[in-house]
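Asker: What follows is a predicted protein model with its sequence.
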Amino acid sequence: MPNTLYDALFSKHAGSGRPFLHLKDGSSISFADFLAMAARFAHVLKAHGVETGDRVAAQLQKSPEALAVFAACVQSGVVVLPLNTAYTADELDYFVGNAGAKLVLCDGAAYEPLRPVAASHGATLMTLNQDGSGSFAREAARQPAHFETVDRGPDDLAAFLYTSGTTGRSKGAMLTQDNLLSNAVTLKDYWGFSEDDVLLHALPIFHTHGLFVATNICLLAGSSMIFLPGFNADDVIANLPKATSMMGVPTFYTRLLDDRRFTGELVSHMRLFVSGSAPLLAETHIAFEQRTGHRILERYGMTETNMNTSNPLDGERRAGTVGFPLPGVELKVTSPETGEELPQGETGMIEVRGPNVFKGYWQMPEKTREELREDGFFITGDLGRVDERGYLHIVGRSKDLIISGGYNIYPKEVELLLDDIEGVLESAVIGVPHPDFGEGVVGVLVPEPGAAPDPDAVMGALQDKIARFKQPKRIFLLEELPRNAMGKVQKNALREQFSDCFAA
Ligand code: MCA
Ligand code: AMP
């Protein structure tokens, strides 16, 4: 039976003994073995009553098994909900409830905290550990290595990725099979991926970059991946000689440049370095070229749209730009006030349309209408301009968003929690330059009259509520927040005031 995404990414590798994943311990997993693992997982989903169109939430440490859960969901016609391993049980409670997940997969260490969460939403909870053990794996071991693929078409939902909003409430971006496939097809060609490629994969696999960009391109092209559990400079440097290409967030590249073992000689054989998810400073781009002779290829995307623009593979890769709209993607720059398209060269809101653009936010029609126009253009919240040679420059964001080490933090979500803490009258959360993460989160608090909140106690209060990467790395107390005549907090003034608090 046809299943658009499964057929394109997976089934064509049936029976292939070629290596797909090279693991840190030197072993590898072939395409055929990977597909067999996914098929066994698909049987377990079915055995637990997960049906076509149901949602499965997966908060898993990176492993071949975690990746096979994605494949199993696609093969079963199930919507997968990959979740950042840093999210707390409180955060999971919202995602599982909002998505109506039928099954939750977690690491053994998270089983106890997540038990009440799953129970309260009537979801089954099973474990799958990084070493491949756990209740889900145990059941899978008893299942056959073949699963009858469920019929799914291009417009059927494949994944929900949650993205926080400026109101502090996370929204489930609904991505169809074709959203994912069309983008992978475009990128594979645009970046020239083939069976000869070996991609060094050190990204997490619960976000677009590591899962849909890196992995789907490799599956489509038949490339293999050096599949590292995370970014660690020692492991990356040890494995680069075996790779042809690498994808990363800017922090990967600044960390490599900080390491004296990272030399031009080490990577002279490499074909391609790609950066995205956060702005790559022009100075990093230049330092990288000076050290290695390679120009990093920077591209721009979003959870809701997959990849929109890219610098070229052949042709000039311009530092400080994110390149051209990808084939099939329409891009315009509009007035944030009127929505009218602006003349070429002017700065405004970046809007995009194409097969890559998502279908809306799960059960949030109003939010969807605010950001996705009826004519199909998505209002990105990023401000940019297209230069005289057609390269897009991202010059800022109209949305109040911090990007730290490639992870997004919506200040409103953190401010709502800070405001609830005893002794805190109000708060402002800002991002300021950070030498490692690009931007670092800072919390500015105004105490209630007579109160003096202790920063350690404030941090303690956030501990179980939100992921560590969203928590302020520094807390400052002010008597009042700077406001403009309309009473709006002037975050620019705060960013200025605390701009060097992470200075190395
Ligand atoms: C870890 N910490 C962070 C971050 N990561 N804090 C802020 N921002 C972060 N990104 C915290 C840890 O909890 C720890 O806290 C402390 O910082 C130091 O951790 P460290 O060991 O240095 O971190 P790490 O484990 O080495 O991780 C850093 C990392 C990682 C490798 C840069 O964050 C990462 O893999 N980022 C990639 C994110 C990504 O894939 N984004 C793509 C999203 P403490 O010590 O206080 O406990 S998809 C997307 O954006 C779109 C679609 C796109 O265009 O791609
Ligand atoms: P997310 O919601 O996690 O998908 O993050 C998407 C946001 O990351 C975009 O709206 C941009 O603000 C930012 N982003 C992604 N790639 C780049 C890039 N190359 N340069 C600047 N910002 C980027």
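Answerer: Right, received. Where do you want to start? Ligands and ions are numbered 1, 2, ... in the order given.
Asker: Now do the contacts for the closest residue in space to residue 443 that isn't next to it in sequence.
Answerer: Using Cβ to Cβ, 6 or more residues apart in numbering and skipping residues adjacent in sequence, the residue nearest residue 443 is residue 472, 3.5 Å away. Where you see a C-beta, it was placed from the backbone N, CA and C, and this is true even at glycine. Applying Cβ atoms under 8 Å, 6 or more residues apart in numbering, we find residue 472 in contact with 414, 429, 441, 442, 443, 459.
Asker: where does residue 472 fall, phi/psi-wise?
Answerer: Dihedral angles of residue 472 (phi, psi; degrees, to the nearest 10) stand at phi -60, psi 140.
Asker: And for residue 30?
Answerer: phi -80, psi 160.
Asker: so what's it bridging to?
Answerer: residue 19 (DSSP bridges).
Asker: That one is in contact with residue 15, isn't it?
Answerer: No. Checked against Cβ atoms under 8 Å, the pair residue 30 and residue 15 is beyond contact range at 9.6 Å.
Asker: Quick check on those two: which one has the bigger neighbour count.
Answerer: residue 30 (17 against 9; other Cβ atoms under 10 Å).
Asker: Read off the pLDDT value for the more buried one.
Answerer: With respect to pLDDT, residue 30 scores 98.
Asker: Could you do residue 132 as well?
Answerer: Per-residue pLDDT puts residue 132 at 98.
Asker: who touches it in this structure?
Answerer: 63, 64, 65 are the contacts of residue 132 under Cβ under 8 Å, 6+ apart.
Asker: go with 7 Å
Answerer: Neighbouring residues of residue 132 by Cβ atoms under 7 Å, 6 or more residues apart in numbering: 63, 65.
Asker: please begin residue numbering at 527 from this point
Answerer: Will do, 527 is the new start, and the previous item becomes residue 658.
Asker: Out of the contacts of residue 998, which end up buried?
Answerer: Burial by neighbour count, judged by 16 or more other Cβ atoms under 10 Å, picks out 940, 955, 967, 968, 969 from the contacts of residue 998.
Asker: And those residues, which is closest to ligand 2?
Answerer: Distance to ligand 2, by Cβ to the nearest ligand atom, is smallest for residue 967 among the buried ones among the contacts of residue 998, at 15.1 Å.
Asker: Which residues of the stretch 677-826 of the chain lie near ligand 1?
Answerer: The stretch 677-826 of the chain has residues 729, 730, 733, 734, 735, 736, 756, 757, 775, 777, 802, 803 near ligand 1, with proximity defined as Cβ under 6 Å from any ligand atom.
Asker: Report the beta-bridge partners for the residue lying closest to residue 1002 once chain neighbours are set aside.
Answerer: The spatially closest residue to residue 1002, leaving aside those adjacent along the chain, is residue 970, at 5.1 Å (Cβ to Cβ, 6+ apart). Counting by DSSP bridges, residue 970 is bridged to residue 954, residue 1002.
Asker: Flag the shaky bits of this protein, pLDDT-wise.
Answerer: For the chain, the stretches with pLDDT under 70 are 527, 694.
Asker: What parts of it come near ligand 2?
Answerer: 689, 734, 802-805, 824, 826-829, 848, 906, 908, 920, 923, 929, 934.
Asker: which among these end up buried?
Answerer: 689, 734, 802-805, 824, 826-829, 848, 906, 908, 920, 929, 934.
Asker: quick one: which of the residues you listed sit in strands?
Answerer: Residues of these located in strands (DSSP state E): 689, 824, 826, 827, 828, 906, 908, 920, 929, 934.
Asker: Could you work out the most separated pair of those residues?
Answerer: 689 and 824 (21.2 Å; Cβ to Cβ).
Asker: Tell me which residue of the stretch 827-976 of the chain lies closest to ligand 1.
Answerer: In the stretch 827-976 of the chain, the residue found nearest to ligand 1 is residue 931; the distance is 2.4 Å by Cβ to the nearest ligand atom.
Asker: List the contacts of the nearest residue to that residue once chain neighbours are set aside.
Answerer: Counting by Cβ to Cβ, 6+ apart, residue 931 lies nearest to residue 963, which is 4.0 Å off, once chain neighbours are set aside. Shown in contact with residue 963 (Cβ under 7 Å, 6+ apart): 777, 930, 931.
Asker: show me the residues around the last one that make contact.
Answerer: This points to residue 931. 775, 777, 963, 964, 995.
Asker: is any part of stretch 983-998 close to ligand 1?
Answerer: Yes. Against ligand 1, stretch 983-998 shows contacts by Cβ under 6 Å from any ligand atom at 994, 995.
Asker: Would you check how far apart residue 851 and residue 870 are?
Answerer: Noted for residue 851: a distance of 13 Å to residue 870, by Cβ to Cβ, to the nearest Å.
Asker: Settle it for me: which of these two has more neighbours?
Answerer: Between residue 851 and residue 870, residue 851 has the larger neighbour count (other Cβ under 10 Å), namely 20 against 12.
Asker: nearest residue to that one other than its sequence neighbours?
Answerer: Excluding the flanking residues, the one nearest residue 851 by Cβ to Cβ, 6+ apart is residue 857, at 4.2 Å.
Asker: and the one you found, what helix or strand is that in?
Answerer: Residue 857 belongs to strand 856-860 when elements are defined using DSSP states H and E.
Asker: helices or strands next to that strand in the packing?
Answerer: strand 874-879, strand 904-912 (3 or more Cβ pairs under 7 Å, 6 or more residues apart in numbering; DSSP states H and E).
Asker: wait, does the longest one contact ligand 1?
Answerer: Read that as strand 904-912. No. On the criterion Cβ under 6 Å from any ligand atom, strand 904-912 is out of touch with ligand 1, staying 10.6 Å away.
Asker: Next, the contact list for the residue of the chain positioned farthest from its centre, please.
Answerer: Most distant residue from the mean C-alpha position of the chain: residue 976, 42.2 Å away (Cα atoms, centre = their mean). Neighbouring residues of residue 976 by Cβ under 7 Å, 6+ apart: there are none.
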